[in-house]
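Enquirer: Need coordinates for the following:
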Amino acid sequence: MEVKTILVTGAAGFIGFHVAKQLLSLGHRVIGLDNISDYYDVDLKFERLRQLGIQREHAEQELELCSSSTHGLQMQFIKMNLEDRVAMPKLFKTQNIDVVCNLAAQAGVRYSIVNPNAYADSNIIGFLNVLECCRHANISKLVYSSSSSVYGNSDSVPFKETANVDHPISLYAATKKANELMAHTYSHLYDIETIGLRFFTVYGPWGRPDMAMFLFTDAIINDKPIKVFNNGELSRDFTYVDDIVSGVISTLLQPSDSSTLYKLYNIGNSKPIKLLDYIEAIEVAIGKDAIKEMLPMQDGDVKQTYADVTKIKKQYNYQPKTNVSEGVTAFVNWYKSYYN
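Expert: Okay, the predicted model is just below:
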């Protein structure tokens, strides 16, 4: 096996942490980058990094590359903004990076209505900076996170990569669509292989506190009501984090179809379930009924997501393995352990 040096942006984030951990277990060198934004609990972000051997007192230092206490130089971390046009090119120049995995982004659909500028900074300016750094450092492959939200309120299911995605209904979705267009331009102009992964509702241990899985579990355990939007008439292609990570790792490490440099793939479970059934699975795992507060549809939300994963299965042998019952149980067990 050829050992690669892989830059993972968003390494203190939910998916980025899991990707970095898996790459380390496969023997690769990981440089993690994150700005540790306070969009949600920073303690959780620092604790994820600690699992990788990156101590908080080192991770808090701006623009200082620190090494893992457990993995040594195989795992290093730097606190940095994606949009930093001085420090980012310097990092690329000094670290002999082979592949870039860009998972850093301002996440969340509802928050994009409250704080739109955060999405422009991280998802547009930051992503452009990543592309520019790849271009000037002669990086041959960039894998980046897109989102199922680009499909908007499409009634044509399952969602295929060939579908028209010109009608985003949140600014978050619009920035992800913009990323795909920007990547296309850089593939065309500079011969960079870009692989966009449209993630479908990822959940699992170490998940984000602003996501449904976390909010529902927390509320049910603490006897608080849960908010059920559109009166529960929503369905989501809930995808367990390990399945997402296996797909990300495959696109990073496997040689891919060389006939085109610009690629887009759905990456999901391909088995959407109704929100109320998902809540029921959480109730079963906890052993307690939820107090449900039925609410209308939220601005920016979509009624359904459903991934057609034929393309990534064919190209990378992607195969989601975790059903919702197993995944929900794993999350609830982690939650109870983490919060005692």
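Enquirer: ok, Gln95 - contacts?
Expert: 5, 7, 31 (CB atoms under 8 Å, 6 or more residues apart in numbering). C-beta coordinates here come from the backbone N, C-alpha and C atoms, glycine included.
Enquirer: all strands for the stretch 101-250 of the chain, in order.
Expert: Secondary structure of the stretch 101-250 of the chain (DSSP state E, counting those that start in this stretch): strands located at 141-147, 193-199, 202-203, 225-229, 235-236, 239-240.
Enquirer: For the fourth one, give the mean pLDDT please.
Expert: Throughout strand 225-229, pLDDT has a mean value of 92.
Enquirer: Show me the shaky parts of the stretch 1-150 of the chain.
Expert: In the predicted model, the stretch 1-150 of the chain carries no residue with pLDDT under 70.
Enquirer: hmm, try it at 80
Expert: Along the stretch 1-150 of the chain, the model assigns pLDDT under 80 to residues 1.
Enquirer: can you put the strands of the stretch 101-250 of the chain in TSV and add mean neighbour count and distance to Ala281?
Expert: As requested, the strands of the stretch 101-250 of the chain are exported to TSV (neighbours: other CB atoms under 10 Å; distance: least, CB to CB, whole Å):
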stretch	mean neighbour count	distance to Ala281
strand 141-147	25	23
strand 193-199	24	20
strand 202-203	24	11
strand 225-229	16	13
strand 235-236	20	12
strand 239-240	26	12
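Enquirer: Give me the packing partners of the biggest helix by length in the chain, helices and strands only.
Expert: Assignment by DSSP state H gives helix 171-190 as the longest helix of the chain. The helices and strands touching helix 171-190, judged by 3 or more CB pairs under 8 Å, 6 or more residues apart in numbering; DSSP states H and E, are helix 111-114, helix 116-119, helix 127-136, strand 141-147, strand 193-199, strand 262-267.
Enquirer: just to revisit the earlier point, just the buried residues from the contacts of Gln95, in ChimeraX please.
Expert: Applying 16 or more other CB atoms under 10 Å to the contacts of Gln95 leaves a buried subset, and the ChimeraX line that selects it is:
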select :7,31
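Enquirer: And the contacts of Gln95, which is closest to Thr175?
Expert: Closest approach between those and Thr175, by CB to CB: Leu7, at 20.6 Å.
Enquirer: so the closest one sits in a strand?
Expert: Yes - under the criterion used here (DSSP: H, G, I helix; E, B strand; the rest coil), Leu7 sits inside a strand.
Enquirer: Which residues are in contact with it?
Expert: Counting by CB under 8 Å, 6+ apart, Leu7 makes contact with 31, 33, 91-92, 95, 97, 99-101.
Enquirer: likewise Asp34?
Expert: 9-13, 16, 45, 49, 77, 79-80, 104.
Enquirer: try it again with 6 Å
Expert: 10-12 (CB atoms under 6 Å, 6 or more residues apart in numbering).
Enquirer: Looking at strand pairing, list the partners for it.
Expert: Note on Asp34: beta-bridge partners Lys79, judged by DSSP bridges.
Enquirer: do you know how far it is from Ser67?
Expert: 16 Å (CB to CB, to the nearest Å).
Enquirer: do the same with Asn129
Expert: Between Asn129 and Ser67 the distance, using CB to CB, works out to 24 Å.
Enquirer: go on, Thr94?
Expert: Thr94 is 14 Å from Ser67, where distance means CB to CB.
Enquirer: the more surrounded of the two?
Expert: Using other CB atoms under 10 Å as the criterion, Thr94 and Ser67 rank with Ser67 on top: 16 against 9.
Enquirer: Would you agree the more buried one falls within a helix?
Expert: No - with three-state DSSP as the criterion, Ser67 is assigned strand and is not in a helix.
Enquirer: Looking at strand pairing, list the partners for it.
Expert: In beta-bridge terms (that is, DSSP bridges), Ser67 pairs with Gln76.
Enquirer: again with Tyr262
Expert: In this structure, Tyr262 bridges to Thr194 when assessed by DSSP bridges.
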